[in-house]
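> Pasted the sequence and its predicted model underneath.
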Amino acid sequence: MALIKKVKGVEPTIGKNVWMADNATLAGDVTVGDDCTIWFNAVLRGDVNPIVVGNRVNIQDGAVLHTLYKKSVVRIGNDVSIGHNAIVHGACIEDKCLIGMGATLLDNVVVSTGCIVAANALVLSGTVLEPNSVYAGIPAKKVKNVTEEQRRDIIERTARDYVMYASWYDKE
């Protein structure tokens, strides 16, 4: 069972049909919506400010979500995929986005609806990404618009597939 920790009297709130790996960690002011999956070694540490996760979000292996004390919060919309080893530090990710493996989103970043942030991209503090765009690089820059095929075959399929992957694991 995942490690669920109360911090300063606040315990994580977890929605319906959420699957969490045995070594996932949720601490403090964390709210997770319905039909989410939180994978191995993922950490959602809401000890200094809130972390709010929408519905059908997958937070993949080794991802870390945290905030800057009294300065930022993490808000994640619906149908979002956060790739392996990504860092979301005090950023807002709107609906139907994919954050690539190893990407880093710093404080007060806004990832607008329909974006893809490429693997290993670094999105600098305070950056607001244009909706339906692909960002890559260090620092991340817009490289193109998201195509309908990418929206369907990358963003939407990945969000759906992670719910399916969780069903392969024994639920206790």
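On my side now, so go ahead. Numbers count the residues shown, from 1 in each chain.

> Can you tell me the SS state at Ala159?
With DSSP: H, G, I helix; E, B strand; the rest coil as the basis, Ala159 sits in helix.

> what about the helices in the protein?
Secondary structure of the chain (DSSP state H): helices at 148-150, 157-167.

> I'd like these written out as a markdown table, with mean neighbour count, mean pLDDT and distance to Thr127 added.
No exception for glycine: its C-beta is placed from N, CA and C like everyone else's. Below are these laid out as a markdown table (neighbours: other Cβ atoms under 10 Å; pLDDT from 0 to 100; distance: least, Cβ to Cβ, whole Å):
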| stretch | mean neighbour count | mean pLDDT | distance to Thr127 |
| --- | --- | --- | --- |
| helix 148-150 | 11 | 96 | 21 |
| helix 157-167 | 16 | 95 | 23 |
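
> Out of those, which is closest to Val73?
Of all these, helix 157-167 sits nearest to Val73, with 22.0 Å by Cβ to Cβ.

> That closest one packs against which elements?
For helix 157-167, the elements it packs on are strand 37-38, strand 58-59, strand 81-82, judged by 3 or more Cβ pairs under 8 Å, 6 or more residues apart in numbering; DSSP states H and E.

> List the neighbours of the second one that are in contact with it.
Residues lying outside strand 58-59 but in contact with it, judged by Cβ atoms under 8 Å, 6 or more residues apart in numbering, are 24, 36-39, 42, 44, 53, 65, 80-82, 158-159, 162-163.

> try 10 Å this time
The set of residues external to strand 58-59 that reach it, using Cβ atoms under 10 Å, 6 or more residues apart in numbering, is 19-21, 24, 26, 32, 35-39, 42-44, 53, 65, 76, 79-84, 86, 88, 98-99, 158-163, 165-166.
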